[in-house]
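Q: Return a 3D structure for these sequence lines:
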Amino acid sequence: AKHLNTIGIRHIANSIRLHGTGIMNTTVHVSYLFVRQHLFHFSQFLYDDHVKSHLLHERYFFNRERGSLDNRYPFERADRFNKDVRRLGSP
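A: Numbers count the residues shown, from 1 in each chain. Have a look, this model is predicted:
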């Protein structure tokens, strides 16, 4: 099962009360490293030839059909694109 852990303002306020403001630098640094790592992987993913090919195909479709779509990308097409790209990562 997949889990989504969230943290709210109340959690942060309680943590600052308990540990002091010294945790802020550590928290910001850990958050920065997390975002940097994920952006790096995302960037590498976008440069994959198969993914890039799919993206260019969808861009061509959207530019060609933009007028008839009222500048809105169809959800069904986005859903199919998402499933196709996920299949690329599966063995």
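Q: residues in contact with the helix or strand of the chain with the lowest mean pLDDT?
A: Lowest mean confidence among the helices and strands of the chain (mean pLDDT, DSSP states H and E): helix 75-89, at a mean of 89. Helix 75-89 is contacted from outside by Asp48, His50, Val51, His54, Glu58, Phe61, using C-beta atoms under 8 Å, 6 or more residues apart in numbering. All C-beta spots, glycine's among them, are computed from the backbone N, C-alpha and C.
Q: 7 Å instead, please
A: With contact meaning C-beta atoms under 7 Å, 6 or more residues apart in numbering, helix 75-89 is reached by His50, Val51, His54, Glu58.
Q: Just the element for the second one, please.
A: Same thing as Val51. In this assignment (DSSP states H and E), Val51 forms part of helix 49-65.
Q: Find the centremost residue of the protein, please.
A: By C-alpha atoms, centre = their mean, the chain has its centre lying nearest to Phe42, at 7.6 Å.
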